Each structure stands twice: as C-alpha cells, then as structure tokens.
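Undergrad: Task: produce atomic coordinates for the following.
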Amino acid sequence: MTSIRFELMPLVGMQEAALSLPAGATVTVTCSPRHGLERTLEATEWLVERGFHVVPHMAARRVRDSAHLESLLGRLVTLGVDDVFVVGGDGESPLGDYPHGLALLEAMAGLAQRPLRVGVPVYPEGHHAVDGDVLERDLVAKASLADYAVTQLCFEADPLLAWRRRQSRLGLALPVYAGVPGLMEPKRLLAIAMRLGLGPSMRALRRQSGWLRRLLRPSDFRPDALLESVEPLLEDGVDGFIGLHVYTFNRVEPTRRWLEARLRLMSGRPESASSGAGPVISAGEPLA
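TA: A predicted model of the protein is given here:
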C-alpha cells in the first residue's frame, strides 16, 4: 500500500475533477494570491462534506494576524480537518504579520488549534526567488515545527533523488512525499517549469521525442520514467519517500487512469479488471 495525495486547485471545474477520485481519497487544496484563503476553505468545506480527507494549503502571506490565524484554524477544527500544508505564498507582499512559512509555523506552534499534522514544501531544484542556502536553513528550522515535507514538482528523477540522498546524509528527519506531475499538455507543463525555474526538469521535457513538435500535438506528457525511478524508494520513511503527492492541475480522470496502470505494472498485477485483481486506487491515502 502506497500513500498518495492528489493536489487540486480551487477553480472552476474542481468539483467535477474531485468526483473522479475514489471516495475518501486524500486531496490537498492550493491557495492562490488572487483568490486567497477564503476560496481554499470553501473548497475544503465542499470536499469534506463529500467524504474526502482534505489538506488545505495555508499561505502565510495571506494570513493577517494572530486573530485571523486562530479564526482560520478554528474553522478547520469545526470541519474535522487535522492536516494542513503551510506555504509562504506567491503574493508580492504579505497581507499581515507572516512574510514566510516559517513565521506562520512558529505562530501555530503554541496554539491549541494546531492541526495534528502540518506539512511544508521542499525544493529539489531550488526556488526562483529564494537562495539555496536560505532554503536549507529554513528547512532545518521548519523540521522541528512540521510533521512531513512534500517536494516541489519535478519532471525528472535525478534532481529529486539527489536531493533526497543529500537530505538523508544531513539527517533530515521529516517524512517526505515525492511530488510528481499528473498527465498534462507539454505546453502547459513547460510554462510551469519556466515559471518555477526548474532547469533539469525543463531539459527532461525537451528530451521527450522532439519537444517543440510535441508542444503542438494533443498528446500528454507522461512521467513514466520518473515514477519508475521513485518506486523503489516508496514507503521508505528514512531514506526514501512515504508516498506520492500528485500535482493534477485538476486533470484528475486521465491522471488517475495513468497512475492505476503504472502501479499495476510496477506491482506485477494484471491490467484487466476481469482478472479479479480489483481496483488499484482505494479510498483514503493508500494505493494498493
């Protein structure tokens, strides 16, 4: 059984996308500077009502002050949400007292409403706006305040695995989810890679059978090689990954079909439903 999380964006079409997942699946909900935390919490409420295990993103730069923070956490307690993902946020300037994720983690640490689990992002290919040494220092500080980490989107295994080996040597104690893309149009993925500054991953996209030609075709980018490289390290909470965090960009149905097929192949289970093998993706976090 492999733990898996599906990331959704609270935009038009999210509800339909979510209903393509099995009942009880773990779903994370992003937070954008345009729509803010309210949109994220509204989506969280809708998903909770339909039986999903929901992990809302809490963007530090969208939280005004301690009163606002306590109000947000109180709403999550009411919904029964026991897991949040703390990010800095992409706004040009913070709305209030928390300019980055570490500041919000420190503020949450002493609160009774702090969720049972709190996750933080990590960046195998760096961050376009933050120096690498700063990222490393922040991660050391966050490790004592968080319960798990999720890697930023990668399209290629090498930077992801190299980062994990390095953090293991340095003694990173946080369990880590491997962040992998779902199926997506190459043109959109390339735009995302450029925005995030993912150099090695951009090279991976370009190597896929004539990337310029592929950008003009409807066929999707398929991260088969990435998943194959990560698979031997899944369920290894010490030196590997406790599971997958799938960046779906709301293209859930084709991503789920692809993921089911890949996991069946890697586990040696038959592809045909008539074989009696049963579903690959089950309710909740585990994938069989």
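
Undergrad: C-alpha only now, for contacts and for neighbours.
TA: OK.

Undergrad: So G240 is in contact with E231, correct?
TA: No - the pair G240 / E231 is not scored as a contact, 9.5 Å apart, by Cα atoms under 8 Å.

Undergrad: lowest confidence element among the helices and strands of this protein?
TA: The weakest-scoring helix or strand in the chain, judged by mean pLDDT, DSSP states H and E, is strand 286-287 (a mean of 42).

Undergrad: any idea how far E70 lies from L233?
TA: 38 Å (Cα to Cα, to the nearest Å).

Undergrad: swap in A146?
TA: On the measure of Cα to Cα, A146 and L233 end up 22 Å apart.

Undergrad: And those two? Which one has more around it.
TA: Neighbour comparison, A146 and L233: the larger count goes to A146, with 22 against 17 (by other Cα atoms under 10 Å).

Undergrad: residues in contact with the more buried one?
TA: Going by Cα atoms under 8 Å, 6 or more residues apart in numbering, A146 touches L105, R117, V118, G119, V120, L174.

Undergrad: Closest one of those residues to E156?
TA: Nearest to E156 among those is V120, at 21.1 Å by Cα to Cα.

Undergrad: Where does the prediction get shaky in the chain?
TA: 1, 91, 192-218, 269-288 (pLDDT under 70).

Undergrad: So which elements touch the longest helix seen in it?
TA: Longest helix of the chain, by residue count under DSSP state H: helix 252-267. In terms of contacts (3 or more Cα pairs under 8 Å, 6 or more residues apart in numbering; DSSP states H and E), helix 252-267 is packed against helix 14-18.

Undergrad: For the helix it packs on, buried residues please.
TA: Applying a neighbour-count criterion of 16 or more other Cα atoms under 10 Å, one finds M14, Q15, A17, A18 buried in helix 14-18.

Undergrad: From V55, how far off is the closest residue to the last one other than its chain neighbours?
TA: The spatial neighbour of A18 that comes closest, neighbours along the chain excluded (Cα to Cα, 6 or more residues apart in numbering), is V252 at 7.1 Å. Using Cα to Cα, one obtains 17 Å as the distance from V252 to V55.

Undergrad: Neighbour count for those two, which is higher?
TA: V55 (27 against 24).

Undergrad: Give me the distance between the host helix or strand of that one and the centre of its chain.
TA: V55 belongs to strand 53-59 when assigned by DSSP states H and E. Centroid separation for strand 53-59 versus its chain: 10 Å, with Cα atoms, centre = their mean, to the nearest Å.

Undergrad: who does it pair up with?
TA: Partners of strand 53-59 in the sheet, by DSSP bridges, are strand 26-29 (parallel), strand 83-87 (parallel).

Undergrad: can you count the residues close to G237?
TA: 15.

Undergrad: nearest residue to it other than its sequence neighbours?
TA: In space, G237 is closest to P175, 5.4 Å off (Cα to Cα, 6+ apart).

Undergrad: In contact with the spatially most central residue of the chain, which residues?
TA: The centroid of the chain falls nearest to H245 when counting by Cα atoms, centre = their mean (4.4 Å). Contact analysis of H245 by Cα under 8 Å, 6+ apart lists I4, R5, F6, E7, V150, Y177, A178, G179, V180.

Undergrad: What segments of this structure are helices?
TA: Listed from the start of the chain, the chain has helices (DSSP H) covering 14-18, 36-49, 66-79, 101-109, 132-143, 157-170, 186-196, 199-207, 211-215, 224-230, 252-267.

Undergrad: List the contacts of the first one.
TA: Put plainly, it is helix 14-18. Contact with helix 14-18 is made by L8, L47, N250, R251, V252, E253, as judged by Cα under 8 Å, 6+ apart.

Undergrad: repeat for the third one
TA: Contacts with helix 66-79, where a contact means Cα under 8 Å, 6+ apart, come from E45, V48, V63, D82, A107, L111, Q113, R114, P115.

Undergrad: Buried ones among those residues?
TA: Of those, these count as buried by 16+ other Cα under 10 Å: E45, V48, V63, D82, A107, Q113, R114, P115.

Undergrad: with the residues you listed in mind, which one is nearest to P33?
TA: V63 (11.1 Å).

Undergrad: Can you report phi and psi for the closest one?
TA: Main-chain dihedrals, V63, degrees, to the nearest 10: phi -100, psi 130.

Undergrad: For it, give me its contacts.
TA: V63 touches L69, P94, L95, G96, D97, Y98, counting by Cα under 8 Å, 6+ apart.

Undergrad: Understood, closing this out.
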